[in-house]
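# next input, structure requested:
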Amino acid sequence: MDVQCPSCGALHWAEERVSGSSKKKPQFQTCCADGKVQLPLLQPPPEPLQHLLTSDEQAAVKFRGDIWKYNRAFSFTSLGVQEDRSVNKGNGPPVFRISGELHHNSGALTPPHGRLPRYVQLYVYDPMEALDVRVEQNNSLDKDIMKSLQQMLIGHHRYVPLYKHAFEILEAHDPANDVQVRLRLTPELDRRRYNLPTSNEVAVILPGTAASEPRDIVLRLRDGPLYRISDLHTAYAPLQYPLLFPR
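Purely as a prediction, here's the structure:
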């Protein structure tokens, strides 16, 4: 792949060019439809993430080696899989094999009594206490980096204020009413972009038994089952990979 699209710069093989275009002036359809599709450039990540991703300092190099661990420490959602244990009946090394697809789960906004908060629960927790929990659960990671990343996500990640607002709504209602809040796509906006209602518009209070749209993310204050997030929801990736989508 050594031929650039003249419109967007994507690399192609020469044979991929549009029929009728020459090798001197190639045209390509599979990347940007020959310049008809123009996507906005991605913003650089906020600091300190930008520095950690680009610096040659020892701490930054080590961070990049452990980046999946840091991402896991700040994920809003958990991974769900159906594990196939039938492959581990012998005496060989353990094997982790899944049956079916990987999915993302969202749970209650507060942990069961006596349990430490996890995932999104840490975003509605007191920040200093949340940091202590994250460090305790990930004691091989650098506490100063954890603190700076937590501050960055609280200040920049679009879903932190939405979840905090949902928590305030749910906390203000009698738990006996089993109310729920949903993160729902704004219908009139372009769904190819990360469009969600504002924190005020997301305050849709519904009975716990109300039917939900398959693409909704259903939030409850406590208890209840894990909800599987639709991979069609724009929050699907940003909630699981906050360091890849820090804004």
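# quick one, strands of the protein?
When secondary structure is read from DSSP state E, the chain shows strands at 3-4, 11-12, 78-80, 103-106, 179-183, 205-207, 217-219, 227-228.
# can you tell me the strand partners of the third one and which way each runs?
The pairing partners recorded for strand 78-80 under DSSP bridges are strand 103-106 (antiparallel).
# next one: the second one
Using DSSP bridges, the strands paired with strand 11-12 are strand 3-4 (antiparallel).
# quick one: contacts of the partner strand?
Residues from elsewhere that reach strand 3-4, judged by CB atoms under 8 Å, 6 or more residues apart in numbering: 10-14, 16-17, 23, 26. C-beta here means a position set from N, CA and C on the backbone, and glycine is covered the same way.
# tell me the domain ranges of this protein?
Listed by automatic domain parsing, the domain ranges of the chain are 1-39, 49-240.
# buried deepest among these, which one?
domain 49-240 (a mean of 15; mean count of other CB atoms under 10 Å).
# tabulate the contacts of strand 3-4 in CSV, adding columns for pLDDT.
Shown next, in CSV, are those (pLDDT from 0 to 100):
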residue, pLDDT
10, 93
11, 95
12, 94
13, 94
14, 92
16, 93
17, 93
23, 89
26, 93
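# farthest pair in those?
For those, the maximum inter-member distance is 16.7 Å, found between 10 and 23 (CB to CB).
# give me the low-pLDDT residue ranges for this structure?
Applying pLDDT under 70 to the chain picks out residues 99-100, 174-180, 183-218, 220-225.
# can we see that at 50?
188-194, 197, 199-211 (pLDDT under 50).
# ranges for the helices of the protein?
49-54, 58-65, 67-74, 127-137, 143-156, 159-171, 236-240 (DSSP state H).
# distance to residue 103 added to the ones you listed, as a markdown table?
Shown next, in a markdown table, are those (distance: least, CB to CB, whole Å):
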| stretch | distance to residue 103 |
| --- | --- |
| helix 49-54 | 26 |
| helix 58-65 | 27 |
| helix 67-74 | 16 |
| helix 127-137 | 22 |
| helix 143-156 | 23 |
| helix 159-171 | 18 |
| helix 236-240 | 9 |
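# which one of these lies closest to residue 90?
Comparing the helices of the chain by CB to CB, helix 67-74 comes nearest, at 28.9 Å.
# how far does that closest one sit from its chain's centre?
11 Å (CA atoms, centre = their mean, to the nearest Å).
# output the contacting helices and strands for it.
helix 127-137, helix 143-156 (3 or more CB pairs under 8 Å, 6 or more residues apart in numbering; DSSP states H and E).
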